[in-house]
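Visitor: Generate coordinates for the sequence data below:
(one chain, ligands or ions: 1)
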Amino acid sequence: GYYGDFGGAFIPEMLYPNVEELRSHYLDIIGETSFQEEFQALLRDYVGRPTPLYFAKRLSEKYGTKIYLKREDLCHTGAHKVNNTIGQILLAQRLGKKRIIAETGAGQHGVATATVCALMGIECIVYMGAVDIERQAPNVARMKMLGAKVVPATSGSKTLKDATNEAIRDWINNPVDTHYIIGSVVGPHPYPDMVARFQAIISKETKKQLLEKEGREDPDYVIACVGGGSNAAGMYYHYLDNPKVKIIAVEAAGKGVSSGESAATTALGKEGIIHGSKTLLMQTGDGQITEPYSISAGLDYPGIGPMHAHLYRSGRAQFVSVTDEAAMQAGIEVSKLEGIIPAIETSHAFAIFDQMDFKEDDVLVFNLSGRGDKDLQTYIDYFGL
Ligand SMILES: C[C@@H](c1c[nH]c2ccccc12)[C@H](N)C(=O)O
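Guide: As a prediction, this is how the structure comes out:
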């Protein structure tokens, strides 16, 4: 359960039975033919996979290089999150669980969890910071429409990290009948590995699609935004052991890395433990978690998945951070050049052209991790639309 020095399961003793049950069964269950048949059928018929790999003609002309977009924005629910929640709900059923809990900050993972619980007719409780419930009302309404119970987390800063703490507390108190669906490649082993395996369909499809379109499976660059890092984990997964494929990870600098309002974890973080995982996290001198900031709710995490901490430490990935301003400008540019309004998280990835140049025959694949509908009010306020 390690990625170099990072990962592991640094959990309270009372959580050990839950995590150990998961760890000892997840690979066998995921490996079962019946699991894969049901998983792939739902990805096809319910999520709408395979998602297109689209050649972005005008964006490519503007930046003088070859840009492909992996259209995770076309998944049901509008983002890649559902690839993971489909996998975990099937796993929970096979473990005989009758109750699902989840954390959410922006509500994205909450909606993806409520969606699959409605699909399977399983009770769903989503923990969400009281602050986030106020500022993400549309997603709260969606979760309720989908039949989930949204429970305010009132501890700490009342945002994502507190919702995660409250979900863990619930799980400790309900170990036998409850499965905790974590929304990113974070948390104690096996979660980072399990979520990455469910998201790996993204790069599995990309290899096949790029072969059809470019006569090669491997691009020169794969680029994704990184909050916890689940969409990036999926985009990188099948390219990790091919050094010819350069990996670019884009974090949220917020108001600037040295502004005190940022979520650029690899730039500002130090080694520590967060939510059961040894990784890099933004922390005070005595190890308390620092509240992150980003205009994008999905990149709002003070930690980072241990896979990404290792990619950073080992130099396998190049980490870039972009500000709110750069991301918002990139979002409206992609909208105007390609007719696709990206989620603000995804817009961060497109802002790398401010900092990087590419050769004309370079092939770049961006993971377009989500659509921008959920962010329209933020785009309206920002650009006075
Ligand atoms: C991206 C997603 C999320 C949900 N849980 C997370 C854990 C770590 C990092 C990110 C997340 C988002 N913050 C949400 O609220 O759904």
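
Visitor: Which residue would be the closest one in the stretch 101-250 of the chain to the ligand?
Guide: residue 228 (2.6 Å; C-beta to the nearest ligand atom). C-beta here means a position set from N, CA and C on the backbone, and glycine is covered the same way.

Visitor: Where does that residue sit: helix, strand or coil?
Guide: Here residue 228 is recorded as coil under DSSP: H, G, I helix; E, B strand; the rest coil.

Visitor: Contact partners for it?
Guide: 183, 184, 185, 186, 301, 303, 304, 305 (C-beta atoms under 8 Å, 6 or more residues apart in numbering).

Visitor: can you pick the most crowded of those residues?
Guide: Among these, the one with the most neighbours (other C-beta atoms under 10 Å) is residue 304, at 33 neighbours.

Visitor: how many neighbours does the closest residue to that one other than its chain neighbours have?
Guide: For residue 304, ignoring the flanking residues on the chain, the nearest one in space by C-beta to C-beta, 6 or more residues apart in numbering is residue 265 at 4.3 Å. Around residue 265 there are 32 other residues, counting by other C-beta under 10 Å.

Visitor: Tell me the pLDDT of residue 265.
Guide: Predicted confidence (pLDDT) for residue 265: 98.

Visitor: Ok, residue 232 next?
Guide: 98.

Visitor: The one 10 residues further on now?
Guide: We note a pLDDT of 98 for residue 242 in this prediction.

Visitor: got it, and residue 92?
Guide: For residue 92, the model assigns a pLDDT of 98.

Visitor: Can you get me a residue count around it?
Guide: Counted with other C-beta under 10 Å, residue 92 comes out at 23.

Visitor: Surely it is in contact with residue 181?
Guide: Yes: at 7.3 Å, residue 92 counts as touching residue 181 under the criterion of C-beta atoms under 8 Å.

Visitor: what's the overlap in contacts for those two?
Guide: residue 100.

Visitor: Mind jotting down where the strands sit in the chain?
Guide: 2-3, 6-7, 53-55, 66-71, 99-104, 123-129, 149-153, 178-181, 221-225, 246-254, 270-274, 277-281, 317-323, 363-368 (DSSP state E).

Visitor: Same list (those) but as a markdown table, adding distance to the ligand.
Guide: Output for the strands of the chain, formatted as a markdown table (distance: least, C-beta to the nearest ligand atom, whole Å):
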| stretch | distance to the ligand |
| --- | --- |
| strand 2-3 | 16 |
| strand 6-7 | 15 |
| strand 53-55 | 23 |
| strand 66-71 | 18 |
| strand 99-104 | 4 |
| strand 123-129 | 8 |
| strand 149-153 | 12 |
| strand 178-181 | 10 |
| strand 221-225 | 10 |
| strand 246-254 | 11 |
| strand 270-274 | 9 |
| strand 277-281 | 10 |
| strand 317-323 | 16 |
| strand 363-368 | 14 |
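
Visitor: Show me which residues of the stretch 201-350 of the chain are close to the ligand?
Guide: 227, 228, 297, 298, 300, 301 (C-beta under 6 Å from any ligand atom).

Visitor: Pull the contacting residues for residue 165.
Guide: 153, 155, 156, 275.

Visitor: let's go with 10 Å and repeat that
Guide: In this structure, residue 165 makes contact with 103, 127, 153, 155, 156, 275, 289, judged by C-beta atoms under 10 Å, 6 or more residues apart in numbering.

Visitor: same thing with residue 308?
Guide: Residue 308 neighbours (C-beta under 10 Å, 6+ apart): 3, 6, 185-186, 192, 224, 226-229, 232-233, 236, 247, 249, 251, 265-266, 279-280, 316-317, 319.

Visitor: Now the buried members of those residues.
Guide: 3, 6, 185-186, 192, 224, 226-229, 232-233, 236, 247, 249, 251, 265-266, 279-280, 316-317, 319 (16 or more other C-beta atoms under 10 Å).

Visitor: circling back: you'd agree the residue nearest to residue 304 is up against residue 271?
Guide: No: with contact defined as C-beta atoms under 10 Å, residue 265 does not reach residue 271; the gap is 11.3 Å.

Visitor: Which residues are in contact with each of those two?
Guide: 279, 280, 281, 309.

Visitor: Now do the second one, the pLDDT please.
Guide: For residue 280, the model assigns a pLDDT of 98.

Visitor: Same check on the last one?
Guide: Residue-level confidence at residue 309 comes out at 98, pLDDT.

Visitor: One more: the one 3 residues further on?
Guide: Predicted confidence (pLDDT) at residue 312: the value is 98.

Visitor: ok, it to the ligand distance?
Guide: Residue 312 sits 16 Å away from the ligand, going by C-beta to the nearest ligand atom, to the nearest Å.

Visitor: what residue is smack in the middle of this structure?
Guide: Nearest to the geometric centre of the chain sits residue 230, at 3.3 Å (C-alpha atoms, centre = their mean).

Visitor: residues in contact with that one?
Guide: So residue 230 contacts 79-81, 83-84, 109, 182-186, 192, 195-196, 198-199, 202, 224, 298, 305, 307, 369 (C-beta under 10 Å, 6+ apart).

Visitor: now swap in residue 304 and tell me
Guide: 6, 184-186, 226-229, 232, 249, 251, 263-266, 269, 274, 277, 279-282, 311-312, 319.

Visitor: so residue 190 makes contact with residue 197?
Guide: Yes: applying C-beta under 10 Å, one finds residue 190 in contact with residue 197, separated by 9.2 Å.

Visitor: Mutual contacts of those two, please.
Guide: Common neighbours of residue 190 and residue 197 (C-beta under 10 Å, 6+ apart) are 26, 27, 30.
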